[in-house]
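Q: Sequence plus predicted model, see below.
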Amino acid sequence: MSLVKNVAVLGHASKGKTTLVEAMLNVAGVTERMGKIADGNTVSDSDAEEKKRGVSISSSVIQFNYNGAKLNVIDTPGLFDFAIGPAEGFRAAETAVIVVSSRSGLAVGAEKAFKNAGDKGMARIFVTTKMDDERADFFKALAGIREKFGTSICPLVVPLTNGGKVAGYYNLLEDKSYTYNGVHMKEADVPHDNDADIETAKDAFNEAVAGTDEELMEKFFEGEELTKADKVKGLTLGMADDTIVPVFAASGLTGVGVDMLLDFIKDCAPAAKPEKAKNSDGNEVEVPVDASADLQAICFKTIADPFIGKLNYFKVISGKITQGVTVVNSRTGDEERVGKLVNTLGAKQSDVKECAAGDICAIAKLSTFKTGDTMSAQGKSLTLDGVEIPYASYSMAITADKKGEEEKVATAVNRIIEEDPSITFVSNTETRQTILSGLGEQHLDVCLSKMKDKYKVSATLVQPRVAYRETITKKVEVQGRHKKQSGGHGQFGDVWIEFEPCDSDELVFAERVVGGSVPKNYFPAVEKGLKEAMEKGVIAGYPMVGVKATLFDGSYHPVDSSEMAFKTAASIAFKNGIPQAGPVLLEPIVTLNAIVNDDAMGDIIGDINKRRGRVLGMNPIGDGMQEISAEVPQGEMTTFSTAMRQITQGRGSFTTEFARYERCPENITQKVIEDSQKEE
């Protein structure tokens, strides 16, 4: 099998990820010049929305050859609203290249990337970019990374400075210093005045490398020099077992130092590893990275474009994908014939004949596959772990700008969801609204923009309505009498009904009629009339719950009585009785589970309290994080997603789940009544 390395480029927004990938392509000789984000001509950010906004909003798969190896680089967005991009990168790559600015140091996005990559067993590399900036301070950035993540952080390429300016770079693996002319490296004896920094870096490097292997440790303690082969061995072992996280100084803008990063990825970064999958019985089996084994591949990304069509990206774990072969979608059981296979360089595609174990490719025009699906050989269906889809925590109601285009809006959103499954789209029959949910305001804004530009349909977002309920608090007995004479047969129905509170989501209907005052054949009509009346309460027109209605008396006419008359009489009883039964408005309460950093916990609890929430408990979960459990009225949760991100600086996350309905405070009830009157 040819040498293939899969790498995800991760980190905080605007720290130089896309610029670093541009430099990789230029250094590898794939491009003649480096594109710039400001000019909208980078290979990664090829989408029209990305060019317009000047930021990455989706992952981009960049595949190229470098010195005898094939590198599959996944450039991911750093904005938290587009977390599906990093999730795709985590699923497809074995190595995480985490980008940190040497000017501003470690940022939240880099912290999260480091933790998530570690949780998934990935090898990790830090690259401190922007070394061309006169305010760059590599050793300060390195100290911040080590302080946060400990002694596994190991400098590998460090700057040589003279008079506060970068004069060259020292490669600890090769024990050589270099200068650069453009992207071209030249070995040189570089005069520098930061010997103390270099010696400290050497000690940390040698100790980390020696600690990966007993033989190397013995050499180290005996004072023997470690050879380059020893260092490569130690770094490879350390990367694989997570005891070494190398740190590189580089400049994406100029390309300086990027060749040393590429060499290291080629020589020391891990290749694809065997994975676990589940068979049809739910039992776990191992899937080897073996091109001669049965095909098993995971779809980690989908592009659904109205112009270029659908493109599914697969990472092949075992076997190989070849054009024309019939494969199985393990989720649906459907069989499909594989058409054109391509490698991608951003928007540019090149045909390939096959894609073997450990490699990545994209396949055009598959109809049943979506992100997270497993592609298996016929008769060998397994299910690999899918992509971890981020929780859609920010919801708005979406309405078509033009009447009659609701179907077009639904079609457009569903096509966008094919690409970005972190968006959800559901109809709430109760509030008569369609709810669009995503990871934040910008996420939904991009969704609307794509709908307009790609699918030629425009829509507006409004605050979603809350699905309130109404109930009663007292027992009452009322009469409902319906009598109408209009020539010929009249209409007559007369009921006495007792309404009382009960614990039920639906009407509880009972009867204790004696002496046949209401014939039994009219009982269903009475119940039906009450059920229909329950659909619209008397306070603000919301559905009623928690009502028991007992039919206990009434009268009938042998000629004029009918099911319709008794149904109408029951409805009249409802309208007469419910206002006397102490009607109240109920609001939905959700259980909130929030994960927050220790230093933000007080502010988050304060925010929950402002939202009329009740904190139920707190639980430390390690890594400086706390889990907060609370109950909060759903109507107060609309802006919680934005507040959570601001207070925790993006470190926090949360989920909500419906808990129950509770009585609404009087001030909220009045506001709901006013709003309902405006809508009428």
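A: Alright, I've got the coordinates.
Q: where exactly do the helices run in the stretch 251-400 of the chain?
A: 258-268 (DSSP state H, counting those that start in this stretch).
Q: remind me which residues of the stretch 51-200 of the chain are low pLDDT?
A: Residues of the stretch 51-200 of the chain meeting the criterion pLDDT under 70: none.
Q: Please name every helix or strand in contact with the strand or helix carrying residue 594.
A: For residue 594, the host element (DSSP states H and E) is strand 584-597. For strand 584-597, the packing partners by 3 or more CB pairs under 8 Å, 6 or more residues apart in numbering; DSSP states H and E come out as strand 469-471, helix 601-610, strand 625-633, helix 640-648, strand 653-663, helix 666-679. Where C-beta positions appear, they are placed from N, C-alpha and C, glycine not excepted.
Q: Please identify the most buried of those.
A: strand 469-471 (a mean of 23; mean count of other CB atoms under 10 Å).
Q: residues near residue 506, how many?
A: Each residue near residue 506 was counted by other CB atoms under 10 Å, and the total is 12.
Q: Hmm, residue 545 and it touching each other?
A: Yes - contact criterion CB atoms under 8 Å: residue 506 and residue 545 qualify, at 7.3 Å.
Q: How many residues are close by the spatially closest residue to residue 388 that is not a sequence neighbour?
A: Using CB to CB, 6 or more residues apart in numbering and skipping the chain neighbours, the partner closest in space to residue 388 is residue 87 (5.2 Å). Using other CB under 10 Å, residue 87 has 25 other residues around it.
Q: Please pull up the helix or strand immediately following the one helix or strand residue 87 maps to.
A: Taking DSSP H and E as the definition, residue 87 sits inside helix 84-92. Downstream of helix 84-92, the first helix or strand assigned by DSSP H and E is strand 95-101.
Q: Show me the beta-bridge partners of residue 127.
A: Here residue 127 sits in beta bridges with residue 99, residue 248, going by DSSP bridges.
Q: With residue 348 instead?
A: residue 345.
Q: now it: how far from residue 602?
A: 50 Å (CB to CB, to the nearest Å).
Q: correct me, but residue 441 touches residue 646?
A: No - in this structure, residue 441 is not within contact of residue 646 by CB under 8 Å, at 11.9 Å.
Q: partners of the strand holding residue 594 in the sheet?
A: Sheet pairing for strand 584-597, assigned by DSSP bridges, gives strand 469-471 (antiparallel), strand 625-633 (antiparallel), strand 653-663 (antiparallel).
Q: Reformat the ones you listed as JSON lines; add mean pLDDT.
A: JSON lines is the format used below for those (pLDDT from 0 to 100):
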{"stretch": "strand 469-471", "mean pLDDT": "97"}
{"stretch": "strand 625-633", "mean pLDDT": "97"}
{"stretch": "strand 653-663", "mean pLDDT": "95"}
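Q: is it fair to say residue 527 lies in a strand?
A: No - counting by DSSP: H, G, I helix; E, B strand; the rest coil, residue 527 is not found in a strand; it is helix.
Q: can you count the residues close to the nearest residue to it once chain neighbours are set aside?
A: Nearest residue to residue 527 in three dimensions, chain neighbours excluded: residue 509, at 4.5 Å (CB to CB, 6+ apart). Residue 509 sits with 19 neighbouring residues when counted by other CB under 10 Å.
Q: Wasn't residue 509 part of a strand?
A: Yes - counting by three-state DSSP, residue 509 falls inside a strand.
Q: Show me what it is bridged to.
A: Beta-bridge partners recorded for residue 509 (DSSP bridges): residue 549.
Q: That one is in contact with residue 528, isn't it?
A: No - with contact defined as CB under 8 Å, residue 509 does not reach residue 528; the gap is 9.5 Å.
Q: how about residue 571, what does it touch?
A: Contacts for residue 571 (CB atoms under 8 Å, 6 or more residues apart in numbering) come out as 480, 529-530, 532-533.
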